[in-house]
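A.B. asks: All I have is the shape, not the residue letters:
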């Protein structure tokens, strides 16, 4: 028997569940499908990833009630940031501005929150609303649509239908493929390794993006004496890092940053992920919309991935609420095409621009090194450019 709801959301990650929270109190019925069970969503394990959040993203999470479920002592301030090219002592520095665009005083460029805590908070917030039906521990094995509805079949042969299907099932989205949405994918041939390090000298809550020759190192400040380390390396060379013991790995990072943080030691488990960029050529199909990484999965160097995911659900939920408030079809083509037009302006230039930056700053030829140094020096001398970037963070 077919079970019908207004909306089916495939994917119980932060983007999909933030979308659900944006529709709390709307009266719209939502079915959430995810391959994890309730215990796994409630107690999502540490995965090494720290999420950099802009001020607008914080406001979105507050408005949806998710921020309130994140332990306050696990929210870390990012006050300043620097970009370093190779072994050059020169850096592109982003200081903390005194005010934001509304001339309001600010105390931090942005926030760092561990990914698994955001996942837990999103699920906890969604448990507070009564318009969600959960299909957990289940996988989608087919998805299709016609003029009247979207249809999903699960691996236990459960059949679901809805006026609108939301694909929030990662940058490798099964639903996106099933719905025939073309996608530009870029395999960087690199792997990201993430872990926490404790150190004896304060990080001054400053993030460092270090473009070395052959690898990239991002240092994200948590407490004064704990930093999240993000190493991006050619996958063919990953074995050299994985072969190191804890002490050797910590010493390797300390040497790369010229011991600026004093003695360092490993303070967490180590995790690694293949690096793949994804941008759907359109963010919708008939009665289906993509949100989060299913729409645009970014290289982590600009730290915009999750922020774009929050923007996607905010735009789509706003359009749906207006459509439902007028008693109109929430899955109508004009709603989905408008969503695409609005969100693609946020993603397309940033996605391709980020990939171009990554290509430049990972080339090891002498001309590329000269250009890299020139880009950093020129950017430092263009206050309007630096202001634009910091305004994107602070809102």
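C.D. replies: Looks like it came in fine. Since the structure is predicted, the reported quantities are computational estimates derived from the model, not experimental observations.
A.B. asks: sec struct for residue 273, please.
C.D. replies: Of the three states, residue 273 takes strand under DSSP: H, G, I helix; E, B strand; the rest coil.
A.B. asks: Quick check, it in contact with residue 192.
C.D. replies: Yes: using C-beta atoms under 8 Å, residue 273 is in contact with residue 192, at 4.9 Å. Placement of C-beta: from N, CA and C, glycine included.
A.B. asks: List the contacts of residue 286.
C.D. replies: By C-beta atoms under 8 Å, 6 or more residues apart in numbering, the contact list for residue 286 reads 145-147, 150, 179, 333.
A.B. asks: go again using 7 Å as the cut-off
C.D. replies: residue 145 (C-beta atoms under 7 Å, 6 or more residues apart in numbering).
A.B. asks: where does it land on pLDDT?
C.D. replies: Residue 286 is assigned a predicted lDDT (pLDDT) of 98.
A.B. asks: Distance check, it against residue 268.
C.D. replies: Distance check for residue 286 against residue 268: by C-beta to C-beta, to the nearest Å, it reads 44 Å.
A.B. asks: same deal with residue 323?
C.D. replies: Applying C-beta to C-beta to residue 323 and residue 268 gives a distance of 44 Å.
A.B. asks: swap in residue 134?
C.D. replies: In terms of C-beta to C-beta, residue 134 sits 31 Å off from residue 268.
A.B. asks: Same check on residue 135?
C.D. replies: 33 Å.
A.B. asks: Looking at the two, which has the bigger crowd around it?
C.D. replies: residue 135 (21 against 16; other C-beta atoms under 10 Å).
A.B. asks: Residue 194 against residue 46, yeah?
C.D. replies: No: counting by C-beta atoms under 7 Å, residue 194 sits too far from residue 46 to count as a contact (10.2 Å).
A.B. asks: More neighbours: those two, which one.
C.D. replies: residue 194 (23 against 13).
A.B. asks: mind checking how far whatever helix or strand the more buried one lives in is from the chain centre?
C.D. replies: Assessed by DSSP states H and E, residue 194 sits inside strand 183-199. Relative to its chain's centre, strand 183-199 lies at 13 Å (C-alpha atoms, centre = their mean, to the nearest Å).
A.B. asks: swap in stretch 322-342?
C.D. replies: That offset, for stretch 322-342, works out to 25 Å (C-alpha atoms, centre = their mean).
A.B. asks: what's it in contact with?
C.D. replies: Contacts of stretch 322-342 (C-beta under 7 Å, 6+ apart): 6, 26, 28, 163-164, 282-284, 287, 289, 315-316, 319-320.
A.B. asks: One more pass at 6 Å, please.
C.D. replies: Identification of contacts with stretch 322-342 by C-beta atoms under 6 Å, 6 or more residues apart in numbering yields 163-164, 282-284, 287, 289, 315-316, 319-320.
A.B. asks: count of neighbours near residue 20?
C.D. replies: 26.
A.B. asks: where does it land in three-state SS?
C.D. replies: Under three-state DSSP, residue 20 comes out as helix.
A.B. asks: pLDDT score assigned to the residue most central in space within the chain?
C.D. replies: Centroid check for the chain by C-alpha atoms, centre = their mean gives residue 306 as the closest residue, at 2.4 Å. In this prediction, residue 306 carries a pLDDT score of 93.
A.B. asks: What sits closest to it if chain neighbours are left out?
C.D. replies: residue 51 (5.0 Å; C-beta to C-beta, 6 or more residues apart in numbering).
A.B. asks: Confirm that that neighbour sits in a helix.
C.D. replies: No: going by three-state DSSP, the assignment for residue 51 is strand, not a helix.
A.B. asks: Contact partners for it?
C.D. replies: Residue 51 touches 113, 115, 118, 306, counting by C-beta under 6 Å, 6+ apart.
A.B. asks: before we move on, what SS does residue 172 have?
C.D. replies: Going by three-state DSSP: residue 172 is coil.
A.B. asks: And for residue 175?
C.D. replies: Assignment for residue 175 (three-state DSSP): helix.
A.B. asks: Burial check on it, number of neighbours?
C.D. replies: Neighbours of residue 175 (other C-beta under 10 Å): 26.
A.B. asks: these two touch, right, it and residue 143?
C.D. replies: Yes: with contact defined as C-beta atoms under 6 Å, residue 175 counts as touching residue 143 (4.9 Å).
A.B. asks: Disregarding flanking residues, what is the spatial nearest neighbour of residue 235?
C.D. replies: That would be residue 191: by C-beta to C-beta, 6+ apart, it lies 4.6 Å from residue 235.
A.B. asks: Surely residue 281 and residue 185 touch.
C.D. replies: No: using C-beta under 6 Å as the test, residue 281 is too far from residue 185 to be in contact (10.8 Å).
A.B. asks: follow-up on the earlier one: going by distance to residue 247, which of the contacts of stretch 322-342 wins?
C.D. replies: residue 283 (46.4 Å; C-beta to C-beta).
A.B. asks: and for stretch 121-141, what are the contacting residues?
C.D. replies: Outside stretch 121-141, the residues touching it (C-beta under 6 Å, 6+ apart) are 10, 14, 17, 20-21, 24, 29-35, 37-38, 41, 65-66, 69-70, 152-155, 174.
A.B. asks: how about the residue nearest to residue 170 when sequence neighbours are not counted, phi and psi?
C.D. replies: Nearest non-adjacent residue to residue 170, counting by C-beta to C-beta, 6+ apart: residue 293, 5.3 Å away. Main-chain dihedrals, residue 293, degrees, to the nearest 10: phi -70, psi -20.
A.B. asks: Quick check, residue 293 in contact with residue 168.
C.D. replies: No: counting by C-beta under 6 Å, residue 293 does not reach residue 168; the two are 8.2 Å apart.
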